[in-house]
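Q: model this:
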Amino acid sequence: MLSFIRLDRKPYRWFINQAHRRFLETTLIGREETVYQAASTSAFKDNNARTIFTMTLPGQPDLPGAQAEMNLIVKRYKIRNWIEMLKATFISKAHQEVMSAAHLIQQHVNTVYPLGVLEKRRFGLVREVFVFLKKIDNVIPLKEFLARPMSLEYKDTLLKALGEFIREVHQARFFHKDLHTGNILINPESLTEGAPELYLIDLHRSLVRPHFAQAYGMYNLAQMVYSLSTVLPLTDAYRFVRYYRELDFRKSVFRDFVRTVFDMADDLRHKHWQSRNKRCLKDSSAYSRMRIKDKTRWENMFIDRGFSRDEVFGLIAQHDKIANQEPGKLFKHTKNHSISFMRYGSSDVVIKEYRYSIWNRILSFLGIHPARKEWFSISGLLVRNVRTAQPIALVEKKDLFYTWVNKAYVVAKKIEAEPTNQFLMHKFGLRIRDKGTLANKIRFIKQFALAVKTIHQKGIFHRDLKANNVLIRDALISNLSSFLFYFIDLDRVTFNRETTSEERITNLAQLNAAVANVVTRADRLRFYRFYAYGEECLPHKEEKEIIKRIMQVTIKRRHFWPLQG
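A: Residues are numbered from 1 along each chain as shown. Have a look, this model is predicted:
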């Protein structure tokens, strides 16, 4: 059993693994400046919560069979406010990680080997905290490994080992609150030997329960199913759960168990999407929020951390100059909107300006206005792995004495693709004279239908899904066309748990009404059937009734299906 002792070296306090006290006292304790040097030079992960870096300690450690030096993984947990400072003073995330690792090692579960914790205190309060862990050699995250191609035999061996590993973790009465494939390491070479070596890491959010309830196990399985489904088919996630299954599960009980786990995984997926989507409106690892004030107004800015604030303001200044002096050069110019294309480095960017009426300014008090909706929706689509423009910045301009938004700008990378109708005329405008062109057109219709179906399955409802709000690019793969679809003009998009049949019919009618006549009646029926296949809310036996409803909405938009031919 691992035991830890406390050593005070003001302003530092150490909690170290007693088995390695002599080694740590000669290489690390009293040399705390080396920790800070390593943090500044060898960090490989840095976000709002923690910094992770590597260190190498010289000398002979007291580990059986160890080499002349020891490689460490060090985590520095960031304390950002008084609440976190008080929590860390009583029990920090570093202490939680060490205690959890010690418990798993005692239960013979593979995990990182803890060496100790370093705290820097002032007036009795923890200001900084580090945890030192022995680096595991020759391992990579399971998520990265699963993205590689592998044989069915190796995949089955891995899923079986993973199910048994998670069952061992639960038998050790251990509940990991953030269990996913990124927090499990694998030795790739061990898989070829038929006995995959798996290691559980990132233990600062975990609990050891005196009685491990089934609800904890189901929640962990749901987390793993969701994580696996991002890189593997759902059938593989099911096989993982089946390998986890306790031997005394009857078939009927197991069927209900699996259904519950997959429902929980679906809930986690939507909660995760919502959580990640909100990061675009606050300081996060990907985005930065800024407030800039001058003599007459102040500006609110949300920007991708990979871009410069000054360069974005320079692009907006160029846009304003063209809008004021040469509006004819703008791509689009109306009373409420202006759109321009600008050169930014080696690529083009789109600047979309919103000018607000009194009503929109009043709504902007609540943080509700079209530009912010567009910015939020772009992030929402990307989080859900739906193609759209790559966002750069959202800039809101406000009066100095009023908090409403007068105008706003959304800056994004230009998509190298064509609007749907332009693409259709360019690709299929001529009369089809050979089977190859017909097969390519049917392939396009199928992929377009599946793209629309995907956004609906992910709970996305685009209230203005006309044909030219979908951009299309033809990407040739092995001489076959593979079409990429990008959804734009997103200031009227909503995200729900699921889309209703009425919302789906509305979108299908919008596309039907606005698409070019090069798409025949037979093509439109193919599109619907590709879309509706397997959808419970659009049953095949009601196809005629549903198509009739689509036509009714289409006619209200003053468009009609063309005659076949």
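
Q: Buried residues of stretch 91-109, list them for me.
A: 92-105, 109 (16 or more other C-beta atoms under 10 Å). For glycine as for every other residue, the C-beta is placed from the backbone atoms N, C-alpha and C.

Q: For E418, the count of nearby residues, please.
A: Per other C-beta atoms under 10 Å, the neighbour tally for E418 reads 17.

Q: Okay, and the beta partners of it?
A: Per DSSP bridges, the residues bridged to E418 are I472.

Q: my guess is it meets V470, correct?
A: No. With contacts counted by C-beta atoms under 8 Å, E418 stays clear of V470, the gap being 10.1 Å.

Q: quick one, helices of the stretch 401-550 of the chain?
A: 420-428, 435-457, 501-514, 521-532, 543-556 (DSSP state H, counting those that start in this stretch).

Q: Dump those into JSON lines; add distance to L315, mean neighbour count and mean pLDDT as well.
A: Formatted as JSON lines, the helices of the stretch 401-550 of the chain follow (distance: least, C-beta to C-beta, whole Å; neighbours: other C-beta atoms under 10 Å; pLDDT from 0 to 100):
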{"stretch": "helix 420-428", "distance to L315": "26", "mean neighbour count": "18", "mean pLDDT": "90"}
{"stretch": "helix 435-457", "distance to L315": "29", "mean neighbour count": "17", "mean pLDDT": "92"}
{"stretch": "helix 501-514", "distance to L315": "31", "mean neighbour count": "20", "mean pLDDT": "93"}
{"stretch": "helix 521-532", "distance to L315": "38", "mean neighbour count": "18", "mean pLDDT": "93"}
{"stretch": "helix 543-556", "distance to L315": "40", "mean neighbour count": "15", "mean pLDDT": "90"}
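
Q: and of those helices, who's closest to M264?
A: Closest to M264 of the helices of the stretch 401-550 of the chain, according to C-beta to C-beta: helix 435-457, at 18.2 Å.

Q: Who are the packing partners of the helix or strand hosting I83?
A: Assigned by DSSP states H and E, I83 belongs to helix 82-90. Helix 82-90 is packed against strand 125-134, with contacts defined by 3 or more C-beta pairs under 8 Å, 6 or more residues apart in numbering; DSSP states H and E.

Q: partners of whichever helix or strand comes after the strand it packs on in the sheet?
A: As assigned by DSSP H and E, the chain's next helix or strand after strand 125-134 is strand 140-141. Paired neighbours of strand 140-141 in the sheet (DSSP bridges): strand 184-187 (antiparallel).

Q: thinking again about what came up before, now distance to I368 too, for the helices of the stretch 401-550 of the chain, in a markdown table please.
A: A markdown table is the format used below for those (distance: least, C-beta to C-beta, whole Å):
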| stretch | distance to I368 |
| --- | --- |
| helix 420-428 | 29 |
| helix 435-457 | 23 |
| helix 501-514 | 21 |
| helix 521-532 | 32 |
| helix 543-556 | 27 |
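
Q: Select, out of those, the one closest to G30.
A: helix 435-457 (58.3 Å).
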